[in-house]
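Asker: Kindly generate the corresponding structure for this input.
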Amino acid sequence: MVAHMKTTIDISDALFRQAKLQAHAQGRTLRELVEEGLRQVLAEKPQKRTFRLEDRSFKGRGLQPGIREGDWDTILDLAYGLRREP
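Answerer: Reported below is the predicted structural model:
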C-alpha cells in the first residue's frame, strides 16, 4: 500500500499552465509529472562544497620594541590613537 499526502504548493501561473500542457501532451496527470520531476531532483547527487579557510597568516617580526605582550592599553593607543573611546 502506498501512502499519499495531499499538500498545497504555490507556483507561478505560467509554470502551472506549461506543466498542465506538458502533462496533457504526454497523456499523464499533473501529479505524475510533478512527482517525476521531484524524484529526478531528489535523485541527483548533491555537490559537496567543503569550506576551506583561506590562509591569511604572515611572517611578522613580533611586537615593536618597548611593548610588552598583554599591554593592551599601549597596543590600543598605538592602533587607534586619538580615535579610541574611553
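Asker: What's the separation between the residue most central in space within the chain and residue 81?
Answerer: Nearest to the geometric centre of the chain sits residue 49, at 10.1 Å (C-alpha atoms, centre = their mean). Summarising the geometry, the distance separating residue 49 from residue 81, computed by C-beta to C-beta, to the nearest Å, is 42 Å. C-beta here means a position set from N, CA and C on the backbone, and glycine is covered the same way.
Asker: Equivalent analysis for residue 62, please.
Answerer: When distances are taken as C-beta to C-beta, residue 62 and residue 81 turn out to be 21 Å apart.
Asker: now the lowest-mean-pLDDT helix or strand in the chain, how far from the centre of its chain.
Answerer: One helix or strand of the chain scores below all others by mean pLDDT, DSSP states H and E: helix 72-80, with a mean of 85. Relative to its chain's centre, helix 72-80 lies at 38 Å (C-alpha atoms, centre = their mean, to the nearest Å).
Asker: ok, now stretch 38-48?
Answerer: For stretch 38-48, the distance from its own C-alpha centre to the chain's C-alpha centre is 17 Å (C-alpha atoms, centre = their mean).
Asker: quick one: average pLDDT of that stretch?
Answerer: The average pLDDT within stretch 38-48 is 85.
Asker: Break down this structure into its helices, ranges please.
Answerer: In the chain, the helices defined using DSSP state H lie at 13-25, 30-43, 72-80.
Asker: Who are the packing partners of the second one?
Answerer: Judged by 3 or more C-beta pairs under 8 Å, 6 or more residues apart in numbering; DSSP states H and E, helix 30-43 is in contact with helix 13-25.
Asker: Can you point out the buried residues in the helix it packs on?
Answerer: Burial within helix 13-25, assessed by neighbour count using 16 or more other C-beta atoms under 10 Å, is assigned to residue 23.
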